[in-house]
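Participant: this one's sequence-less:
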């Protein structure tokens with residue numbers, strides 16, 4: 001039987017202590033390889049040979065074969081060096097996840113936020129880079145994006161929210177962590193989209209804009225402490241890559257934008273710089289537009 005220190009730690013094991021005795025009388029070895037732990041069977045590995053989990057022949061050539069076998073996007077997770085990132089890109093990976101698997105596989109080595117810059121440099125903006133590990137607050141996500149990550153994973157905070165408050169806890173974690181984007185179609189969320197109409201014309205538009213603050217300050221008053229951000233934003237714009245395009249130059253989906261021709265006029269959204277990566281559907285048309293910076297000041301409580 002499992003000792004008291006093992007109770008609650010073994011997968012699929014249910015054990016309750018009452019007056020120092022286990023009330024669950026099932027035998028641990030019915031599920032585990034031994035009475036002290038280890039998997040006997042796991043549904044996620046059903047039908048797979050044990051030798052196919054982290055196999056020794058999982059080389060870059062194996063990735064070449066996998067690319068030929070499927071049309072799905074392939075992300076390589078666990079990249080921790082620029083050299084491996086470069087090889088992943090050269091062998092056709094569609095994206096990279098910088099990860100040390102929560103420290104279990106590479107414990108005491110470099111944290112992922114320290115690894116991220118060299119990986120971003122190695123792929124030269126040709127494929128997206130994501131990062132997980134150590135993201136515990138919005139500022140962690142902010143730093144990762146500033147270093148070049150397209151997105152971050154939050155493996156543990158959502159689990160903490162789930163265990164504390166269920167679904168509402170998970171939703172609250174998601175609300176707290178990112179700055180996210182502003183829906184400029186909503187009342188009070190409009191912006192002046194053109195620099196060619198000779199005036200100030202703040203109004204709602206059918207687009208979203210990332211906050212992307214380029215300046216922030218903290219103010220403390222009798223009402224509390226507030227974070228104020230100036231949301232101007234900057235795109236990734238390098239000598240060999242740019243994610244910027246003007247709305248006038250993008251193929252807009254006529255279903256999402258029935259008045260697309262009017263929107264693309266220079267006095268409307270035509271001259272606004274938006275992402276040429278995000279918001280595009282499988283046909284190469286844009287169903288959503290994402291601008292850089294919310295063109296506003298925001299007060300965060």
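Facilitator: Right, received. Where do you want to start? Predicted model only: the values in this text are computed from it and were never measured.

Participant: check which residues of whichever helix or strand residue 230 is part of are buried.
Facilitator: Assigned by DSSP states H and E, residue 230 falls within strand 224-231. Using 16 or more other Cβ atoms under 10 Å as the test for burial, strand 224-231 gives 229, 230, 231. Every C-beta, even on glycine, is put in place using the N, C-alpha and C of the backbone.

Participant: now do the SS call for the spatially closest residue to the last one that is not a sequence neighbour.
Facilitator: Counting by Cβ to Cβ, 6 or more residues apart in numbering, the nearest residue to residue 231 once its immediate chain neighbours are dropped is residue 294, at 3.6 Å. Going by DSSP: H, G, I helix; E, B strand; the rest coil, the secondary structure assigned to residue 294 is coil.

Participant: distance of residue 294 relative to residue 98?
Facilitator: Using Cβ to Cβ, to the nearest Å, one obtains 27 Å as the distance from residue 294 to residue 98.

Participant: phi, psi of the nearest residue to residue 182 once chain neighbours are set aside?
Facilitator: Excluding the flanking residues, the one nearest residue 182 by Cβ to Cβ, 6+ apart is residue 294, at 4.6 Å. Note on residue 294: its backbone torsions stand at phi -80, psi 0 [degrees, to the nearest 10].

Participant: quick one: contacts for residue 294?
Facilitator: 181, 182, 191, 209, 210, 211, 212, 231, 233 (Cβ atoms under 8 Å, 6 or more residues apart in numbering).

Participant: can we see that at 7 Å?
Facilitator: Neighbouring residues of residue 294 by Cβ atoms under 7 Å, 6 or more residues apart in numbering: 182, 209, 211, 231.

Participant: show me where the stretch 1-150 of the chain has its helices.
Facilitator: 60-69, 82-90, 112-123, 138-146 (DSSP state H, counting those that start in this stretch).

Participant: and those helices as a markdown table, adding mean neighbour count?
Facilitator: Putting those into a markdown table (neighbours: other Cβ atoms under 10 Å) gives the following:
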| stretch | mean neighbour count |
| --- | --- |
| helix 60-69 | 12 |
| helix 82-90 | 18 |
| helix 112-123 | 20 |
| helix 138-146 | 17 |
